[in-house]
Each structure stands twice: as structure tokens, then as C-alpha cells.
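**Q** can't give you the sequence, but here's the structure:
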């Protein structure tokens, strides 16, 4: 009995890990909302590749560009992360309250990465390497060390 439980547990673990593999997909297979973000704010012709990561109960998408920038989307196409490396994240992808805070408090800096953090909200990385934390209402809550 004990041996059959281990066999079943091992089979479940193997099937879960088999589901969690990145797969390269055509740009057209991205959710419509994700395609819209790329089309409006980035050059589609600069897309290097698109991957879909299928987990047990969810999907995530990643778009990589030839210049190294990357976008991550949740299964429904909502933006989870935008990393423009050394370039500024397009203003239209950042909530107005966050943009205003950064421009007021750090006038010489700009946001190079904007990402969701499930624990407290959102993180903005500035070109000066400072990481700012914002809650789900886009209010500044601290610096991430």
C-alpha cells in the first residue's frame, strides 16, 4: 500500500513538472490584450520570441525583444512586468500617480522596470538602481532593498 502511494505521488509530480515547460509560440497566439500592449508601445518587428509557460492551473506569457527588453503577461493578457533594461518604460504603461511621484521625488531619474509583486503591490526600478514599492492603489510605501 505504501509503495503504491509513492508511485502515485511520483506520477503526479512528474505530470506537474511536464506541464510547467516554456514553449515558443507565434506572436499571434498571445492574448489580445497582450498583443495590444506590444502593438501600441513597442515595435512588433523587434520581437525576438514569445514563450508561453503553462503551469498546472495557469498560463504566463513572455515577450523578448532583440534589444533585451522583456514583457511578462498573465494568462488573461494583463501586464505583469515590463523590463526595458536601460531605456525608459513607456509612460502609458505606468499609472499616473506613480509617474507623478517619480517625477517629483526623483526628477533626474526614470523607470526602467515596472513589475507586479503579489505581496504588496508593484515595484518600480529606476535607472539609478533604486527600487520603489507601491501598494495596490499605486501609493508609495517604501524603498525595496
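**A** On my side now, so go ahead. What you are looking at is a predicted structure, and each value in this text was computed from that prediction instead of being measured.

**Q** switch to C-alpha atoms for all contacts and neighbour counts from now on
**A** Noted.

**Q** what residues are up against residue 110?
**A** By Cα atoms under 8 Å, 6 or more residues apart in numbering, the contact list for residue 110 reads 88, 102, 103, 126, 127.

**Q** So which of the residues you listed is the closest to residue 77?
**A** Using Cα to Cα, residue 88 comes nearest to residue 77 of the contacts of residue 110, at 21.7 Å.

**Q** neighbours of the residue nearest to residue 22 when sequence neighbours are not counted, just the number please.
**A** Nearest residue to residue 22, sequence neighbours excluded (Cα to Cα, 6 or more residues apart in numbering): residue 53, at 4.4 Å. Here the count is done by other Cα atoms under 10 Å, and residue 53 has 18 residues near it.

**Q** does residue 53 have beta-bridge partners, and which?
**A** On the basis of DSSP bridges, residue 53 takes part in beta bridges with residue 22, residue 60.

**Q** got it, and residue 121?
**A** residue 117.

**Q** So residue 98 belongs to a helix, correct?
**A** Yes: under DSSP: H, G, I helix; E, B strand; the rest coil, residue 98 falls within a helix.

**Q** Against residue 109, how distant is it?
**A** The spacing between residue 98 and residue 109, counted by Cα to Cα, to the nearest Å, is 13 Å.

**Q** Tell me what the residue positioned nearest the centre of the chain is bridged to.
**A** The chain has residue 81 as the residue nearest its centroid, 2.5 Å off, counting by Cα atoms, centre = their mean. Counting by DSSP bridges, residue 81 is bridged to residue 72, residue 115.

**Q** All set, thanks.
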